[in-house]
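Participant: Just a sequence and a predicted model for now, questions to come.
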Amino acid sequence: MSNLPTSENQRRASTAIFSALFAVILFSLTVPMTQMALSQFSPMLIATGRGAIAGALALGVVILNRWSLPAVKAWPWLIITGMGIVVGFPYLIGVSMEHVPAADMGVVLAGLPLITALMATLIHQERHPLTFWGFALAGCTLLIFYMIHTLGQLPELQPQTLGVIIAALIFGGLGYSAGAKAAKLIGGWQTICWTLALYSPVTIPLFITQLHQNASTLSFNATAIYPVLALLYLAIFSQFLGFRFWYQALATGGVGKISQLQLLQPFFSLAFISMMFQQAIGLDQILFCLLIVACVLASMKPGLFKALISKTVISRAAKSKTTVSVPNGTKLNTPRVDAIH
């Protein structure tokens, strides 16, 4: 148990929740900003740009704070975190969105908390009841059905794109869960800074190379400012500040409790996509998003599902009784007997 006063614990918990919610809102703009950036830049340039710009900022933070190197036991988790959120996820999302509309990608990313929970089971060696695996399987099934049934009807979609989307989810879940592990060891702020700094010797040269190779195809007109701003947003907010608040919240508020706020991300994403691109959100997209999120919530909180069932059973049992009067004015509840015809 914590030795902190109750008021201090409550303050820390509230701060963690608000930090996580702010991070989720920042992450929710990743999909629409990626679509905007793709109008000018390639997926490789976007991915390396995210890592390079955020990496330069992270190096500055490390130098200004004069941090010593992290503990040796944190390095493997920092490397895995970078593989997920610096290398794999940004690039694969960009490749996927060359063929998949932003709204559909927003629905697919509703399964990211589920993949994160599955990865956390391996990394944190958590044990879950059968209900967790049942709802996890149901959520994965819904996600695969949506990708095959809905995305499969897109004329430009290649079969291998579905594999790229699945790989993006796996890399994203891996980076989220490994980062949570590192945050427990060195804190959330140092986790994202050291991760980005660790990969900056790779991302910065690659970004410069990509700029040189794509210089002839880049346009410099009034509308070109929007893809540039989108890339800057992805680097500064999605890649850097978002994870600063997210990992800090996980470290102070607990992985199990705080990670549930990620369930709000697909709904924020769909709202931003609708506002930014005047793109209508279909009822089927909202329905699948709700179903996937419900499966994730039920898998993470099986007790909540059992409580809902218990309430339903008790409510129906109460309705199956009738109240009759007895001579002394008291009331007696008796089971209802259907009339015999």
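Facilitator: Ah, there it is.

Participant: Could you use CA atoms for every contact and neighbour count after this?
Facilitator: OK.

Participant: which regions of the stretch 201-341 of the chain sit below the pLDDT cut-off?
Facilitator: Applying pLDDT under 70 to the stretch 201-341 of the chain flags the ranges 220, 222, 256-257, 299-341.

Participant: Quick one: the strands in it, in order.
Facilitator: 321-325, 331-335 (DSSP state E, counting those that start in this stretch).

Participant: check contacts around the spatially closest residue to Ser200 that is not a sequence neighbour.
Facilitator: Excluding the flanking residues, the one nearest Ser200 by Cα to Cα, 6 or more residues apart in numbering is Gly55, at 5.1 Å. By Cα atoms under 8 Å, 6 or more residues apart in numbering, the contact set of Gly55 is Cys193, Leu196, Ala197, Tyr199, Ser200, Thr203, Ile204.

Participant: mind giving me JSON lines with these and columns for secondary structure, neighbour count and distance to Leu263?
Facilitator: Shown next, in JSON lines, are those (DSSP: H, G, I helix; E, B strand; the rest coil; neighbours: other Cα atoms under 10 Å; distance: Cα to Cα, whole Å):
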{"residue": "Cys193", "secondary structure": "helix", "neighbour count": "24", "distance to Leu263": "25"}
{"residue": "Leu196", "secondary structure": "helix", "neighbour count": "30", "distance to Leu263": "25"}
{"residue": "Ala197", "secondary structure": "helix", "neighbour count": "24", "distance to Leu263": "29"}
{"residue": "Tyr199", "secondary structure": "helix", "neighbour count": "19", "distance to Leu263": "29"}
{"residue": "Ser200", "secondary structure": "helix", "neighbour count": "22", "distance to Leu263": "30"}
{"residue": "Thr203", "secondary structure": "helix", "neighbour count": "26", "distance to Leu263": "30"}
{"residue": "Ile204", "secondary structure": "helix", "neighbour count": "20", "distance to Leu263": "33"}
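
Participant: Which single one of the residues you listed is nearest to Leu109?
Facilitator: Relative to Leu109, the closest of the contacts of Gly55 is Leu196; by Cα to Cα it sits at 22.9 Å.

Participant: Met83 is in contact with that closest one, correct?
Facilitator: No - if you go by Cα atoms under 8 Å, Leu196 and Met83 don't touch, sitting 10.4 Å apart.

Participant: Trp77 should be in a helix, yeah?
Facilitator: Yes - counting by DSSP: H, G, I helix; E, B strand; the rest coil, Trp77 is located in a helix.

Participant: Correct me if wrong: it contacts Gly179.
Facilitator: Yes - with contact defined as Cα under 8 Å, Trp77 counts as touching Gly179 (6.7 Å).

Participant: Looking at these two now, which is surrounded by more residues?
Facilitator: Gly179 (31 against 23; other Cα atoms under 10 Å).

Participant: in the stretch 1-150 of the chain, which spans are helices?
Facilitator: Secondary structure of the stretch 1-150 of the chain, counting by DSSP state H, counting those that start in this stretch: helices at 6-28, 30-38, 43-65, 75-82, 89-96, 102-108, 112-123, 130-149.

Participant: Let me know the average pLDDT across the fourth one.
Facilitator: With pLDDT averaged residue by residue, helix 75-82 scores 96.

Participant: mind listing what's buried in the longest helix seen in the chain?
Facilitator: With DSSP state H setting the assignment, residue counts place helix 159-186 as the longest helix in the chain. Using 16 or more other Cα atoms under 10 Å as the test for burial, helix 159-186 gives 161-162, 164-186.

Participant: How about stretch 274-282?
Facilitator: Ser274.

Participant: any residues touching it, and which ones?
Facilitator: So stretch 274-282 is contacted by Pro32, Ala103, Leu270, Ile273 (Cα under 8 Å, 6+ apart).
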